[in-house]
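Engineer: I need the structure of the sequence given here:
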Amino acid sequence: MSAKKKAALPKEQLYGVILAPVITEKATAGSAHNQVTFRVRKDADKPLIKAAVEGLFNVKVTAVNTINVGGKVKRFKGRLGKRSDWKKAIVSLAEGQSIDVTATL
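Structural biologist: Numbering: from 1, shown residues only. From the prediction side, this is the model:
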């Protein structure tokens, strides 16, 4: 049996998958476990996120966990509004690999 290898995506498409790093106290605590958290496109799946991180940062990804974050309902000048829903990806890196999100994106 031969393993099928996906064709490499162009850099322009990879930049469109990862929107921004998530810099929160909880996301920063994940760096102790070799994890980095990113805000990604809502339609991005785990293999696409893995390919984007490996292609853009030249690191080895071991796992990708995704979370759909629902937007909060907020009030603005008495009117009810809703923030947009978004998707978060927690990317686990191989041992010895790291990404400095404060300097890269």
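Engineer: So G16, which state does it fall into?
Structural biologist: helix (DSSP: H, G, I helix; E, B strand; the rest coil).
Engineer: cool, and P47?
Structural biologist: P47 - assigned by three-state DSSP - is helix.
Engineer: swap in V64?
Structural biologist: strand.
Engineer: how near is it to L80?
Structural biologist: Separation of V64 from L80 (C-beta to C-beta, to the nearest Å) stands at 35 Å. C-beta: built from backbone N, CA, C; applies to glycine.
Engineer: Which parts of this structure are strands?
Structural biologist: Applying DSSP state E to the chain gives strands spanning 18-21, 35-40, 61-69, 73-76, 79-82, 86-93.
Engineer: residue ranges with poor pLDDT in the chain?
Structural biologist: 1-7, 104-105 (pLDDT under 70).
Engineer: Give me the more crowded residue out of V64 and L80.
Structural biologist: For V64 versus L80, neighbours defined as other C-beta atoms under 10 Å are more numerous around V64 (21 against 8).
Engineer: and the closest residue to that one other than its chain neighbours, what does it touch?
Structural biologist: Nearest non-adjacent residue to V64, counting by C-beta to C-beta, 6 or more residues apart in numbering: K46, 4.4 Å away. Contact analysis of K46 by C-beta atoms under 8 Å, 6 or more residues apart in numbering lists 64, 66, 89.
Engineer: Let's have the residues you listed in a markdown table, adding distance to D100.
Structural biologist: Output for those, formatted as a markdown table (distance: C-beta to C-beta, whole Å):
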| residue | distance to D100 |
| --- | --- |
| V64 | 19 |
| T66 | 22 |
| A89 | 18 |
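Engineer: nearest to V17, of the residues you listed?
Structural biologist: A89 (9.1 Å; C-beta to C-beta).
Engineer: Check the gap between the closest one and A103 for me.
Structural biologist: 20 Å.
Engineer: Just give me the residue closest to the centre of the protein.
Structural biologist: Geometric centre of the chain, nearest residue: F38, 3.1 Å, by C-alpha atoms, centre = their mean.
Engineer: thought that residue was touching P21?
Structural biologist: Yes - under the criterion of C-beta atoms under 8 Å, F38 makes contact with P21 at 5.7 Å.
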